[in-house]
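1. sequence and predicted model, in that order:
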Amino acid sequence: MLDVFCKFRLGYLDEGILVRDIRKLRENYKGKRKEFLSDVIAALPTDKIVIILSSLTSLLNRIFPFMPVLFLEDRISVALRLPKLFKWRSAVDFFNNSDMRTNSPNIVRACKLLLVLATIIHWIACFYFLISKYEGLGINDWVLEDYLSESNFFRSYLRSLYWSTMTLTTIGNTSNPKTDLEYVFTGLTFLIGVFLFAAVVGNVGDVISNMHAARVQFQLKMDALKFYMAARRVPSDLQKRVKKWADYAWQNTHVLEDQELLDMLPYRLRSDIAQHVHLETLRKIRVFEECESGFLCELVTKLKSHVYSPADYVCRAGEIGREMYIINNGKVEVLIRDHTTEDQTVVATLSEGNYFGEISVLRLDSGINRRNADVRSVGFSELLVLSKKDLTQVLYEYPEARVVIENYARERIVQTREVKKRKDSQEIGLAVPEDSLINERTAKEMSELQHVLRELRSFDSVSCRLRIEELEEKCARLEKNSKKQRKLLKDHGLSDLLDISCNNCIHNSHKNSNSRYCSFSSDEKKSSNYKMRKRSFIKTYHLPAIELNGVVQEPARCLTIKFQHGTDPIILNDKRLFPVYNSGVDATDTSNESDSSQ
C-alpha cells in the first residue's frame, strides 16, 4: 500500500514542465486506470489473508469436510501470491526509463535480458517441482528425488533449476517422461525453449553489435575506402597516410562525421552542445576576447572540426580563400616560398588558440581573396573550420565584431609584409658589412639621417646652412658604408636609382640651381630672412627584369614616386624593392615638375 501512496505524489511532465500540485498528481494517477488497478491488486496484503485462513482450520473443516485443510492451505497460499505478478509492469517501466536516460544503454539491455531468462528458468523449475510433488517424489527417474527435509531443500531447488536449464536449452541429457502429464510438460518446455533460445540469441547478438556499432560502421567505411584506393592504384605512401589519419580520428573522437549526429537535434540544443565543446577554445583567442558573448555563441554553431595528418597542407599560397581556421589541438607552420630557389622558410609556428585564413576570407589584402602563404600541419592537428559564407553572415549581424577582427587582420598584414621585405632585402644583398645579412649600423645611420632631414625643413636660413654641412658629414660616412650596396644595385640593373643616394643628392643640391634645395648667394646669406624654394615632382623608374641562368625570376616593374618639399616620398604604385630614403633628386630625371615660392 505504501507504493500506491507514493505514486499519488509522483510528479510528471506536462509539456515539458514538472507538475508538483498534489491534486493534479492524484487525478493524473487515477486517470491511468490499468496502472492504478494493477498497483492496487499487487498491493493487497494476500499473505496476511493466508495467515488468517490457516488460523480458522476448525471452521473450514466443518464447512468443507470433504476437502483436506492442508491441501486447501497450500493451493490458496499459491493462488493468493499470484497478484504480486502485476508488479512486473513496474519492472518493465524501470528498464525502459533506464534505457533512455543512461549513457550505457547496452548494459541495461543486457541486464534486462538476463533477468527475463532467469525468471523463465525459475518458473519452469517451480512447475517441475510441483509436478514431481504431485506425482510423488522419487517414484521414477523423471521426477525429482525425495529431498524435502529442511537440510536438503536447497538441493532440491538446485536440481529443479538444473533440469529446467537443460531442457530449455535442449542440450541436457534428461530422463524420458513416464506419464502423460510428464510428456505434456516436457513437450511444452522444449517448445518454450526453442522460442526462448532464438529470442536470447537474437537479443544477445543485437546487444553485442550495438556495443560496437560505431566501430563496425567505421570499419565498413574504411574497408570501402581501402578497396577504392586499391582499385585506383593510389600510391602506398598516400594509403598509409590515410590509414594513420583514420586511426587517429577514431582514437580521439570515435566518430568520423559528428555533424551528422548533431543535425538530428533542434537548433537550440545544437547551440548548447557547440558552446560546451568549442566556446572555451574561442575565448582563448585574443581577437575574440573583445567580442560580445552573443557573437561567440552564434559563431560556435558554424564551426566544423577537421583533422589533418602530419605534413598535410591545410592551404597553399595562391589558393582561393574560402575558410578561416582556428587551431583546437596541435600545431601548424606558416611557410613562405622563395620563387628563385623554390625553398620554403618557416616564418611562424601556430599552436592551440591561434587562427589564420581570415585575411583572404574578408578580402583585406587589397581586395584579394588569395592565400598569401602555405600552412602545413606539424603533427596531427584538429582545426575548427569556419566557411566564408558563415563568417560573413555572422559578421553582418555583429558589425562591432567585424571592426575588431578587421583591425587585427590588418595588423597581421603589416607584419607579413615586413617579414617579406626583410626576406627580399636579404636576397638583394642590401646589407653587406662584415658579411652579415642585415647591417644594423648602416640602418641606424640612415634613420638618423632621415631625422636630420625632417629637422632641416623647419630651420631658418642661417641654421639651415649649418645643418646642411652637418648632413654632408653624415652622408659621407654613410657613403663609405654603402659602396657595396650600390655595387649590388648596379649588378641587378638598378643603376638608374643611384641618384636617390643621399650623398649625391646633397652635393647636387649645391651645384644645380634646379635641385630640390637651392644654393644660397652671399647677399642671401647676409639676409636674416631668406627662404628656400619649394618644389614637387613625380618620377617614374623602370626596373628591368631579373634573370638567373636564363630564367626570368622577377618580371620588369614600374616604380612611380612622388617627391615634395616638407614631406616624405610617396610611392604611388604601393610597391618597393628596397627602402626609399628622404632625400633630393636631380631635376633632370623628373617629369611633371611644379615650382612655387615658399
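-> Looks like it arrived, so ask away. Numbering: from 1, shown residues only.
2. for L395, what are phi and psi?
-> phi -70, psi -30 (degrees, to the nearest 10).
3. quick one: it and I405 touch, right?
-> Yes - counting by C-beta atoms under 8 Å, L395 does reach I405; the two are 7.2 Å apart. Just so you know, the C-beta spots here come from the backbone N, C-alpha and C atoms, and that holds for glycine as well.
4. those two: who's more crowded?
-> Counted by other C-beta atoms under 10 Å, L395 and I405 do not tie: I405 has more neighbours, with 24 against 18.
5. the more buried one and G357 touch, don't they?
-> No - using C-beta under 8 Å, I405 makes no contact with G357, being 11.8 Å away.
6. which of the residues in the helix or strand where V242 lies are buried?
-> Here V242 sits within helix 236-253, counting by DSSP states H and E. The neighbour-count check on helix 236-253 (16 or more other C-beta atoms under 10 Å) flags V242, W245, A246, Y248, A249, W250 as buried.
7. and it, what does it pack onto?
-> helix 213-231, strand 304-308 (3 or more C-beta pairs under 8 Å, 6 or more residues apart in numbering; DSSP states H and E).
8. format these as a markdown table; extra columns: distance to C297 and mean pLDDT.
-> A markdown table is the format used below for those (distance: least, C-beta to C-beta, whole Å; pLDDT from 0 to 100):
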| stretch | distance to C297 | mean pLDDT |
| --- | --- | --- |
| helix 213-231 | 29 | 82 |
| strand 304-308 | 17 | 85 |
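9. out of the ones you listed, nearest to G136?
-> Taking C-beta to C-beta, helix 213-231 is the member of the helices and strands packed on helix 236-253 nearest to G136, at 53.4 Å.
10. now that closest one against helix 236-253, angle please.
-> Put simply, helix 213-231 runs at 170 degrees to helix 236-253, going by axes from the mean of the first three to the mean of the last three C-alpha atoms, to 10 degrees.
11. shift numbering so it begins at 11
-> Will do, 11 is the new start, and the previous item becomes helix 223-241.
12. helix 223-241 packs against which elements?
-> By 3+ C-beta pairs under 8 Å, 6+ apart, helix 223-241 packs against helix 246-263.
13. ok, and what's touching the helix it packs on?
-> 225, 228, 232, 235-236, 239, 266, 315, 317-319, 322, 390, 392 (C-beta atoms under 8 Å, 6 or more residues apart in numbering).
14. quick check: mean pLDDT across it?
-> Helix 246-263 shows a mean pLDDT of 79.
15. residues contacting E329?
-> R380, R381.
16. now do the phi/psi pair for it.
-> Taking degrees, to the nearest 10 as the convention, E329 sits at phi -70, psi 160.
17. moving C-terminal of the strand or helix carrying F164, what's the next helix or strand?
-> F164 is located in helix 163-178, with elements delineated by DSSP H and E. Note on helix 163-178: by DSSP H and E, the next helix or strand toward the C-terminus is helix 190-221.
18. could you pull out the buried residues of stretch 283-299?
-> I283, A284, Q285, V287, H288, T291, L292, I295, V297, F298.
19. ok, now stretch 27-35?
-> L35.
20. please save the CA atoms from that stretch in CSV.
-> Below are the C-alpha coordinates for stretch 27-35, written out as CSV (Å, rounded to 0.1, in the frame of the first residue of the first chain):
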residue,chain,number,x,y,z
ILE,A,27,7.0,21.2,-17.2
LEU,A,28,7.3,19.3,-14.0
VAL,A,29,3.9,19.3,-12.2
ARG,A,30,4.0,19.3,-8.4
ASP,A,31,0.4,20.1,-7.5
ILE,A,32,-1.0,17.3,-5.2
ARG,A,33,-4.5,17.5,-6.7
LYS,A,34,-3.2,17.2,-10.3
LEU,A,35,-0.9,14.4,-9.3
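21. outside of that stretch, which residues touch it?
-> Counting by C-beta under 8 Å, 6+ apart, F18, R19, L20, G21, Y22, L23, N38 sit against stretch 27-35.
22. does the second one belong to a helix, a strand or coil?
-> Put simply, R19 is coil when judged by DSSP: H, G, I helix; E, B strand; the rest coil.
23. and it, how many neighbours?
-> The number of residues near R19, taken as other C-beta under 10 Å, comes to 11.
24. for it, which non-adjacent residue is spatially closest?
-> L35 (5.9 Å; C-beta to C-beta, 6 or more residues apart in numbering).
25. now S142: how far from I181?
-> Remark: distance between S142 and I181 (C-beta to C-beta, to the nearest Å) = 22 Å.
26. next: A383.
-> 71 Å.
27. more neighbours: which of the two?
-> It is A383, of A383 and I181, that has more neighbours when counted by other C-beta under 10 Å, with 21 against 10.
28. residues contacting that one?
-> A327, V344, L345, I346, V357, T426.
29. repeat that with 6 Å
-> A327, V344, I346 (C-beta atoms under 6 Å, 6 or more residues apart in numbering).
30. which ones among those residues map onto strands?
-> V344, I346 (DSSP state E).
31. quick check, nearest of the contacts of A383 to G212?
-> V344 (56.5 Å).
32. thought the closest one was touching A358?
-> Yes - the pair V344 / A358 is scored as a contact, 4.3 Å apart, by C-beta atoms under 6 Å.
33. compare those two (neighbour count), which wins?
-> Set V344 next to A358 and count neighbours by other C-beta under 10 Å: V344 wins out with 20 against 17.
34. so V317 makes contact with L394?
-> No - if you go by C-beta under 6 Å, V317 and L394 don't touch, sitting 11.0 Å apart.
35. low-confidence regions, the stretch 361-510 of the chain specifically.
-> 374-378, 426, 429-510 (pLDDT under 70).
36. sketch out the strands for the stretch 11-160 of the chain, chain order is fine.
-> Assigned by DSSP state E, counting those that start in this stretch, the strands in the stretch 11-160 of the chain fall at 22-24, 27-29.
37. least reliable of those strands by average pLDDT, please.
-> strand 22-24 (a mean of 71).
38. could you list the domains of the protein?
-> The record's domain parsing of the chain by automatic domain parsing lists 224-263, 274-436, 443-607.
39. give the contact list for E362.
-> Taking C-beta under 6 Å, 6+ apart, one finds I337, N339 in contact with E362.
40. swap the cut-off to 10 Å and go again
-> T291, K294, I295, I336, I337, N338, N339, G340, K341, S391, E392 (C-beta atoms under 10 Å, 6 or more residues apart in numbering).
41. need the worst-confidence member of those residues.
-> Out of the contacts of E362, that is K294, at 74.
42. nearest residue to it other than its sequence neighbours?
-> Nearest to K294 is G363, by C-beta to C-beta, 6+ apart, at 4.1 Å.
43. what does R99 give?
-> Take R99 and drop its neighbours on the chain: the residue closest to it by C-beta to C-beta, 6+ apart is S48, 5.7 Å away.
44. now that neighbour: how far from H286?
-> S48 is 42 Å from H286, by C-beta to C-beta.
45. mind listing which of the buried residues of stretch 283-299 are in helices?
-> I283, A284, Q285, V287, H288, T291, L292 (DSSP state H).
46. next one: I141 relative to R293, how far apart?
-> 73 Å.
47. next: A224.
-> Distance from A224 to R293, by C-beta to C-beta: 30 Å.
48. likewise R332?
-> From R332 to R293 the distance is 26 Å (C-beta to C-beta).
49. kindly report the same for N339.
-> From N339 to R293 the distance is 16 Å (C-beta to C-beta).
50. ok so, going back, quick one: the helix holding F164 to helix 190-221, angle?
-> Going by the same axes, to 10 degrees, helix 163-178 makes 70 degrees with helix 190-221.
51. buried residues, helix 163-178. List them.
-> S166, Y167, R169, S170, L171, W173, S174, T175, T177, L178.
52. wait, what's in contact with I149?
-> Applying C-beta under 10 Å, 6+ apart, the residues contacting I149 are S142, D156, K188, T189.
53. kindly report the same for R19.
-> Per C-beta under 10 Å, 6+ apart, neighbours of R19: R30, I32, L35, R36, Y39.
54. can I get these in CSV including pLDDT and distance to A419?
-> As requested, the contacts of R19 are exported to CSV (pLDDT from 0 to 100; distance: C-beta to C-beta, whole Å):
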residue, pLDDT, distance to A419
R30, 77, 54
I32, 79, 62
L35, 78, 59
R36, 76, 64
Y39, 73, 63
